[in-house]
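Novice: Below are the sequence and a predicted model; questions follow.
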Amino acid sequence: MMRASVGLFVLCSAFAFSSCSDRPSKAAVDATQTMQPWLSALNADDDTFAVPARGQFPKDLGLHPNARAESFTLRAVFSPVDVPGTPGSAIRTGILTRMDRVALRLDESAAHTGSAWRYDGLMRSSVFVDSTVAPTDNPPGFDATTGKTESIIEEKLTRLSQLPYRQTVQRMALDLAGAEAGSMWVGADRLTIELSNQDSAKCARTYRWQVVLSPIDRVILELPVELCPKARTLGEIAGWQQANTALRGALVTRPGEDEESVTPIAGTVWLSQGWGNLPASGGAVVIDTLQLRLDDGRWLDVTRSKRRSGRGPRTIDASVYADGSEPENIELTWEDSIKGSVSPSGYTYPASIKLNSIDHGLDLKVSIMNRLSETSGFGESQLQVPVVLAGSHSGSGFLTFNIVQQ
Amino acid sequence: MKQTPGRRYARLRLSDKASVIVAAMMLAGCNASDQVAGAGSTDNSDVHIPDALPIKELVIKSVATDNSVIATESTLHVAKQEALGQAKFATAGTIAASPQRPGNVEAGRLALLQESYVNCGIPERVYRQLIADDDVISVAGRTPSANGLPFSVNVFSNSDDVSIVSSNCLSCHGTQLFGELVIGLGNEFLDFTGDASQAVERAGALVQGEAETRAWELYADRINAIAPYSRPHTVGANPANNLTFVLVAHRDPIDNAWSDEPLLPLPPTDVPPVSVPPWWRMAKKPAMFNLGEGRLDHARIMMAASMLCTDSVQELVEVDAYAPDLRAYIASLTPPKYPFPVDSALADTGREVFNSNCSHCHGTYTGEHSYPARLVPIEVVQTDKTLVEFAHGPGVVYIDWYNRSFYGKLSTMAPGPGYVAPPLDGIWATAPFLHNGSVPTIAMVLDSTQRPTFWQHEVTDASDPESYDKIRLGWAHSELEEGKSGGSDTRIYDTTLRGYANSGHLFGDYLTDDERQSVIEYLKTL
């Protein structure tokens, strides 16, 4: 009898493509142009839109130009290693970036290269960045709902605050994304992402995921991470997820300018990639996920299934592990708080979640950080947001919360 | 001077029985007062136990000085309690055969592999995404639509024209033995320890559209109903008994309709384990199940395997149309032959020892086989008593349900006060042993001093001939210092747990080492 792993179903969620509305593109995009350096976007004038840049992805990890759909997702929670006057761990930032492409038409021309799909037949692309800045201990003056802080806190967030709260770039048109052997790109006028392989040694690769928010903020987020993912297949989709990887990096503002500043950061990153045939619509069940880093160094991964119908049980699957050790499945309860926050779509999300595992000494309050980022499309609506922990352990992580009937 | 096997057996029967019983009870972690089972048993404190059940006179009938009880005929009688007037019970003794409805063997084989007797499941489109290629081996007699699916499932179209994959009987009653599928060999490596609802619920993430969702949700709801009551402690332990009780508890006995709210008390979530008996023994067995409770028409009893989603009498009638064929096919099966060398001379000696010491209960296997079908009182066999206690205690309500239902029109459920000594055809392939799979090898069945309190299989399936212990007859295993209390490892068989005791069947202890070795050699030939 089949026993589907949680990991595989997490992959499913990689195909929950976002389609939030955004201002229309004014850029004339040439999707067939040759590769451009990702920094080209930074050269754009503030009053114009950047030329879309191509992200360079490691071929061996599966740039899959023949797959109809493909998605890279990076979620990270990090803190500045050193902010004068403030312990670095006291401020956390979360960021979500996603790079999706979906093809509509096969390339039936004899001259097609690299992909079975026509680059000009791409229905939709999106690059989604959502960042939040929040003190971890919610000091006086910090409003967890709005994310705003009073002056004394704001002063200590000066550099971090240059990371915008939210940038979303999405397209529902042709010609804006593509993939071919060695590269994948998304037409994105104010943001580029690059994931590149810095080290070809097996299982010790270092990847650099650079997020460039341009031209307004001109922030570069460099996140060298170690990856050794193993792709798994689930029917017509496949993918990998590298969860809970420690990151080191830097937040660079105004790179190349006199005002350039570099803030070293450290934190946790979750990377995933999925590819294959896109499901026609969302399934009968959705999977909420919590991926957490505890202050004692352990990782806690929790998933919860929910039927869209609102019926049936909500099954919990949880595992805890330390670096280098095998995950241990544990019994754990997940309880949403009654009090919530209203999303842009009008859905009330829980403001916090209680996790409890008596046998493993876990009694956690998981609080959603200050911004709600809701994505929707293809029948999916999700909240993806960084969270902070209180209770038996402090820490941080990421929540993916699906909207279903209540 | 060496005693003859027959004399040694006589000594057991006449003089040592009481001490054997006491020793067995101590092994099982019980005291003498535990022999009184049934209403008020603290083992089942989370279960509502009906009052005034006719338990004591059924279970605790002393046979310690009355050996004739297993030679007299096993008779049935009904419960004395008026509200449970259809609850029947059997006495110990020899079980008489009942006429069976005729069936077509080949039609039964095809029905087994093609029909939708389990008429709910996972949409095929989803299922095919979840299986691995190595789950699939070919089986003759499949429909083309089943190509690429494991032998343990059938495929059919439901009323919404959704192609559904459902479990078939081979989920539990088929095993790949040394690379070959043996239909009828119980799978002793299935893992029921996990929460089945987890996998089924999460499969819903791949379900698309209203029709698929309806089909999947029906199946998922039923799995959710049974899941908490179907999780034994150990991989390989089968929860079939408990699973059936849960399904019965949710159904009206008259119209077979499903009720989301249970209509009867639910069984304990502490699942007593069962080792799956091989099908090929059905040709000899006049009664089904460990307690000899399945009497009269076996085809009707076997239909209970369809209980998950058959929600009307009409649906049962449809299955009943080919159930006699299924029974005929099952009764036609023969055991696999022992594939390794056998010492014929030693086996001949073993046959003599066996016939002198074991055949009284287990029958003879030369010439025209004999099988006495003896229902042996728990006080005599002294194996784990959990199933007996439950059947005569809180389980009475399920017996009553069965006998009032469609199933009870042609068959009867009547548990006995002990266990049926089974025929031993193909026993070499059926490790682990005793009704609860608590003893890993035949050698240990014959020498109780060798039985490990804590052990675990070293293999996860029956595929590797090198992992089969040709000396002791069983799968490679390791003996452990600690049981479940030392961790939650589901591979560990902990005989101190309720229902998992490896006590009883001490008859082999009275054989010499040489005699035991010869019997083991003989058992290879059955």
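Specialist: Ah, there it is.
Novice: Please enumerate the helices of the stretch 401-526 of chain B.
Specialist: Residue ranges of the helices in the stretch 401-526 of chain B, as given by DSSP state H, counting those that start in this stretch, are B:442-446, B:513-523.
Novice: Packed most tightly, which of those helices would that be?
Specialist: Scoring the helices of the stretch 401-526 of chain B by mean neighbour count under mean count of other Cβ atoms under 10 Å in any protein chain shown gives helix B:442-446 as the most buried, with a mean of 26. In this view, the C-beta of every residue, glycine as well, is placed from N, C-alpha and C.
Novice: quick one on the thing from earlier: save the helices of the stretch 401-526 of chain B as TSV, and put in mean pLDDT too.
Specialist: Rendered in TSV, the data for the helices of the stretch 401-526 of chain B read as follows (pLDDT from 0 to 100):
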stretch	mean pLDDT
helix B:442-446	98
helix B:513-523	97
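Novice: any chance of the ones you listed in JSON lines, plus distance to A:Y349?
Specialist: Formatted as JSON lines, the helices of the stretch 401-526 of chain B follow (distance: least, Cβ to Cβ, whole Å):
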{"stretch": "helix B:442-446", "distance to A:Y349": "58"}
{"stretch": "helix B:513-523", "distance to A:Y349": "64"}
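Novice: just so I know, which of these lies nearest chain A?
Specialist: In this view, the helices of the stretch 401-526 of chain B are compared for proximity to chain A by Cβ to the nearest Cβ, and helix B:442-446 is the closest at 29.1 Å.
Novice: Show me what that closest one is packed against.
Specialist: Packing contacts for helix B:442-446, counted by 3 or more Cβ pairs under 8 Å, 6 or more residues apart in numbering or on different chains; DSSP states H and E, involve strand B:474-475, helix B:513-523.
Novice: one more time with 6 Å
Specialist: Taking 3 or more Cβ pairs under 6 Å, 6 or more residues apart in numbering or on different chains; DSSP states H and E as contact, the helices and strands that helix B:442-446 lies on are helix B:513-523.
Novice: What helices and strands are in contact with the helix it packs on?
Specialist: Helix B:513-523 makes packing contacts with helix B:344-357, helix B:442-446 when contacts are defined by 3+ Cβ pairs under 6 Å, 6+ apart.
Novice: Pull the residues that contact the last one.
Specialist: Outside helix B:442-446, the residues that touch it by Cβ atoms under 6 Å, 6 or more residues apart in numbering or on different chains are B:433, B:439, B:450-451, B:472-473, B:508, B:516, B:520, B:523.
Novice: just how off-centre is that helix within its chain?
Specialist: On the basis of Cα atoms, centre = their mean, to the nearest Å, helix B:442-446 is displaced by 19 Å from the centre of the chain it belongs to.
Novice: mind exporting that helix as CSV, just the C-alpha atoms?
Specialist: Taking Å, rounded to 0.1, in the frame of the first residue of the first chain, the C-alpha atoms of helix B:442-446 are listed here in CSV:
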residue,chain,number,x,y,z
ILE,B,442,9.3,-23.3,14.8
ALA,B,443,12.2,-24.4,17.0
MET,B,444,11.0,-21.9,19.6
VAL,B,445,7.5,-23.1,19.3
LEU,B,446,8.8,-26.5,20.2
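Novice: what's across from the residue nearest to A:L399 when sequence neighbours are not counted in the sheet?
Specialist: Residue nearest to A:L399 in three dimensions, not counting chain neighbours: A:V387, with 4.9 Å by Cβ to Cβ, 6 or more residues apart in numbering or on different chains. With beta bridges defined as DSSP bridges, A:V387 has these partners: A:I368, A:G397.
Novice: any idea how far whichever residue of chain B sits closest to chain A is from A:G276?
Specialist: Shortest chain B-to-chain A distance, computed as Cβ to the nearest Cβ: residue-wise this is B:Q129, at 2.4 Å. Shown here: B:Q129 relative to A:G276, a distance of 10 Å by Cβ to Cβ, to the nearest Å.
Novice: B:H392 now?
Specialist: B:H392 sits 56 Å away from A:G276, going by Cβ to Cβ.
Novice: And for B:A328?
Specialist: Applying Cβ to Cβ, one obtains 46 Å for the distance of B:A328 from A:G276.
Novice: So which of the contacts of helix B:442-446 sits lowest on pLDDT?
Specialist: Comparing pLDDT over the contacts of helix B:442-446, B:G508 scores lowest. The value there is 94.
Novice: in what helix or strand does A:V286 lie?
Specialist: Under DSSP states H and E, the secondary-structure element containing A:V286 is strand A:285-294.
Novice: Output the contacting helices and strands for that strand.
Specialist: Secondary elements touching strand A:285-294 (3+ Cβ pairs under 6 Å, 6+ apart): strand A:299-307, strand A:395-402.
Novice: looking at the ones you listed, which has the lowest confidence?
Specialist: Of all the helices and strands packed on strand A:285-294, the minimum mean pLDDT falls on strand A:395-402 (a mean of 84).
Novice: That one to strand A:299-307, inter-axis angle?
Specialist: Computed by axes from the mean of the first three to the mean of the last three Cα atoms, to 10 degrees, the angle separating strand A:395-402 from strand A:299-307 equals 10 degrees.
Novice: Only C-alpha atoms, please: export strand A:395-402 in CSV.
Specialist: Below are the C-alpha coordinates for strand A:395-402, written out as CSV (Å, rounded to 0.1, in the frame of the first residue of the first chain):
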residue,chain,number,x,y,z
GLY,A,395,13.3,30.8,17.5
SER,A,396,11.9,31.5,14.1
GLY,A,397,10.7,29.9,10.9
PHE,A,398,8.2,30.0,8.1
LEU,A,399,4.5,29.2,7.9
THR,A,400,2.5,28.3,4.8
PHE,A,401,-1.1,28.4,5.6
ASN,A,402,-3.8,27.5,3.1
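Novice: Mind giving me the packing neighbours of that strand?
Specialist: Using 3+ Cβ pairs under 6 Å, 6+ apart as the contact criterion, the secondary-structure elements in contact with strand A:395-402 are strand A:285-294, strand A:380-391.
Novice: Give me the contacts around that strand.
Specialist: For strand A:395-402, contacts defined as Cβ under 6 Å, 6+ apart pick out A:75, A:77, A:92, A:286, A:288-295, A:382-389.
Novice: same question, stretch B:192-205
Specialist: Residues outside stretch B:192-205 that contact it (Cβ under 6 Å, 6+ apart) are A:3-4, A:9, A:12, A:283-285, A:305, A:315, B:122, B:126, B:216, B:220, B:223-224, B:227, B:230-232, B:235, B:239, B:490.
Novice: again, only this time at 7 Å
Specialist: Contacting residues not belonging to stretch B:192-205 are listed as A:2-4, A:9, A:12, A:283-287, A:305, A:307, A:312-313, A:315, A:317, B:122, B:126, B:130, B:216, B:219-220, B:223-224, B:227, B:230-235, B:237-239, B:490 [Cβ atoms under 7 Å, 6 or more residues apart in numbering or on different chains].
Novice: Return the residues of chain B in contact with chain A.
Specialist: Applying Cβ under 7 Å from any Cβ of the partner chain, we find that chain B lies next to chain A at B:127-131, B:152, B:167, B:171, B:197-199, B:201-208, B:213, B:216-217, B:220-221, B:224.
Novice: that older thread, so which of the helices and strands packed on strand A:285-294 gets nearest B:V381?
Specialist: Closest to B:V381 of the helices and strands packed on strand A:285-294 is strand A:299-307 (Cβ to Cβ; 44.7 Å).
Novice: could you give the angle of that closest one to strand A:380-391?
Specialist: For strand A:299-307 against strand A:380-391, the angle by the same axes, to 10 degrees is 140 degrees.
Novice: ok now do the residue lying closest to B:S157 once chain neighbours are set aside, which residues does it touch?
Specialist: Setting aside the residues directly before and after it, B:S157 is nearest to B:S163 in space (Cβ to Cβ, 6+ apart), at 5.5 Å. The contact partners of B:S163, taken as Cβ under 7 Å, 6+ apart, are B:123-124, B:155, B:157.
Novice: now those residues as a markdown table including neighbour count?
Specialist: Listed next are the contacts of B:S163 as a markdown table, based on neighbours: other Cβ atoms under 10 Å in any protein chain shown:
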| residue | neighbour count |
| --- | --- |
| B:P123 | 28 |
| B:E124 | 22 |
| B:V155 | 23 |
| B:S157 | 12 |
